[in-house]
Each structure stands twice: as C-alpha cells, then as structure tokens.
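Asker: Here's a sequence, model it:
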Amino acid sequence: MTTPYNGDLERKVRELGYSVGNVESSLRSLRDEFEEDRSGSRSRLDTVQLDLRERKSEAEDLDERADGHDEDIVFLRRAVGDLGQRIAWLERRVRTAAGGRAVDLDATDHETKLLVKKIAAGRAAEAQLLPAADRARHVRSVNAYQEAAARQEKTRAAVLEAAATLATAAHGSDAFTKATDAYRQSRTNLRATETHLGSLKRTADTARTALDRDESLDQTLSEAAAAGQSAHQHLTRIARARISAALAGTDLLPVWFAAALGPMPPREDTEAWLDTATRALTYRLSYSIRDEVLALGSIPAQATARQRADHQTAEQGLRR
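Answerer: Numbering: from 1, shown residues only. Prediction:
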C-alpha cells in the first residue's frame, strides 16, 4: 500500500535520480571541455562539484527519512542507496578531473616493513608451537588419567580392606556381611575403572608426548611468537591512524576502500565500521596486498592456513 509519506518520498527519489542524471551529463560535457580548454572549464567544474554536494545532501536526507519506515519502503531505501553510489562515483570522477589523487593507504616504510617481518616470524614460530586450545586439551587428558588412576588406587585399597575383614571376621557376623557387600562393590568398580583407565592412559601418553615436545622447543620460539603478536597490534594502530587521517583529509579514498566500505563512514555503528576498515587494511599490509579493486585481493593457492583464517576474519563486515 502506498501512503502519502511513501508517495512523497518516491517523488523525491525520482527527482534526485533526474538530478544525478543531469550531473552525469554535465560531467561528460566537462570532460569534453577539458580536452579543448582546461582553463575555461574550471568554473563549470566548480558548479558540478557544488551540484554534487547538494545531491549528496538530498540523498542523506532521504536515507534518514527512510530509517523509520523500513518495512513499507524497502525499495526506496535501495533506490537511495543506488543513487548514493552513483553520486560517490561522480564525485570521484569530478575530483580526478580536477587533479585529485587517491591517498596511498598501502604505503610502506622502514617501520611497517620491520613490523611485517616480525609478524611473519611470529606466525612461523606459532606454527611450531602448540596452539593454546591444543595445549589445554592435552593438559586435560593428562589430568583425567591421573585422576582416574588415583580413583583406581582408592578402589583397590577398598578391595584389600574388605578382603582383610573377611579373613578375620566370624562367618555370619555383621562385620562379615558388611565386608562381603563392600568387597563385591569394590571389585565391580575396580573392573570398570581398569577398562576405562586403559583408554585414558593411551590418550594421556599421546598428550604428554606433545606437551614434552612443545616444552623442549627453543625458548626463542615463544619470544618470537609474542613479538609477532605485539607487532601485529602496532601495525593495527598504524592502519587505524592512516584511515582516520584519510577520512579527515581531502584526498580521494582508494577504489578498493570505497568499493568494500563505501565512500564515507555511516552515521550509525561508526566504530564497528572503522574496526572493519582497520582489519582490512591491516590484512593488506601484513600480506603485501596491492590489488587496486579487491580489498583483500585473491587468496593464493599456496596460502597458509593462518592466512586463510586471517582473510576470513578480515572480510567480515565488508561489502560482497
């Protein structure tokens, strides 16, 4: 059902679409004029940029008005989103024509190169060490065997104690009767624990071997792993600072950034958006990704399990 509110909003979207179409036409004309006379087209460039800012403001206003009526005007929200993408593309074309350049978020220097080396060395060390989850599992296996062995000894002691009572108590006495019941129960428990204990021992032996091997590795591996984690945290801070500076500056954002995250931060959940952008850039820096269109590039066939896991983490929240 179309409400007066929806009808007004639909009209606004159509009008905005026409306006964007006019801006596209102006941009084409502007490009032609640039080829003929760069100096004479400067005033028209300023006009187009002003027109784009007005259209962007209108798109944002429509998006705000649509927030409270999602169920009724989903198609309008999509239309507004499409227009927003067209406007962002147009703005990029205009700013490029005016000599604008994209900020190089992927730039490397001595500091970032050193951090990337430490991260790689740390991950290589981690690959040789037991993961925390595996170590904890092995420790539980060893503890489970030790506890079961202790219970078996306690049960065996109960069997011996009952047998000693049966050997000395008068047949038919209360002590004899109680010892008989205790002996039978203890023997049943002992047989059960012996069967279960064998399985626990095999698992514990395997776990202990893995733990012993891990502890025998050079201490420098643990130190390298810790240094790699620290370097990754430092690189993450650098990535976040670069993104913040780019958003506050006037240079264009890279194509891969705008395609995966949009041309600007959202009004809501801005912190989560910035976290997503930071993860993507940190991944690019860590694995030397230079793809100009795909935020995370393509996963190489020889990628390690760690890189695949990092890729999966980094792509969360990105546009598909």
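Asker: List the buried residues for stretch 132-149?
Answerer: Residues of stretch 132-149 classed as buried: 135, 138, 141, 142, 145, 148 (neighbour count, 16 or more other C-beta atoms under 10 Å). C-beta: built from backbone N, CA, C; applies to glycine.
Asker: can you list the residues that contact the helix or strand residue 113 falls within?
Answerer: Using DSSP states H and E, residue 113 sits in helix 110-128. Helix 110-128 is contacted from outside by 108, 217, 220-222, 224-232, 234-235, 238, 285-286, 288, 304, 306, using C-beta atoms under 8 Å, 6 or more residues apart in numbering.
Asker: From those, which land in strands?
Answerer: Among these, none falls in strands (DSSP state E).
Asker: Return the members of these classed as buried.
Answerer: 221, 224, 225, 227, 228, 231, 232, 234, 235, 238, 285, 286.
Asker: from memory residue 200 sits against residue 148, does it?
Answerer: Yes. Assessed by C-beta atoms under 8 Å, residue 200 is found in contact with residue 148 at 5.1 Å.
Asker: Need the buried residues of stretch 132-149 in CSV (columns: pLDDT and distance to residue 102).
Answerer: Compiled in CSV, those are given as follows (pLDDT from 0 to 100; distance: C-beta to C-beta, whole Å):
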residue, pLDDT, distance to residue 102
135, 83, 45
138, 90, 50
141, 92, 54
142, 91, 56
145, 89, 61
148, 85, 64
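Asker: quick check, nearest of those to residue 270?
Answerer: Nearest to residue 270 among the buried residues of stretch 132-149 is residue 135, at 38.4 Å by C-beta to C-beta.
Asker: how much does the helix or strand where the closest one lies deviate in direction from helix 110-128?
Answerer: Using DSSP H and E, residue 135 sits in helix 132-168. Per axes from the mean of the first three to the mean of the last three C-alpha atoms, to 10 degrees, the angle that helix 132-168 makes with helix 110-128 is 30 degrees.
Asker: Any stretches of the stretch 1-150 of the chain with poor pLDDT?
Answerer: Residues of the stretch 1-150 of the chain meeting the criterion pLDDT under 70: 1-100.
Asker: now the closest residue to residue 307 other than its chain neighbours: how far from residue 119?
Answerer: Sequence neighbours aside, residue 287 is the residue nearest to residue 307 in space, at 6.2 Å (criterion: C-beta to C-beta, 6 or more residues apart in numbering). Between residue 287 and residue 119 the distance is 9 Å, computed by C-beta to C-beta, to the nearest Å.
Asker: So which of the two has more stuff around it?
Answerer: Shown here are residue 287 and residue 119; by other C-beta atoms under 10 Å, residue 119 has more neighbours (23 against 19).
Asker: Can you name every helix or strand that the helix holding residue 135 contacts?
Answerer: Contacts defined by 3 or more C-beta pairs under 8 Å, 6 or more residues apart in numbering; DSSP states H and E place helix 132-168 against helix 174-216.
Asker: Right, I'll call it a day here.
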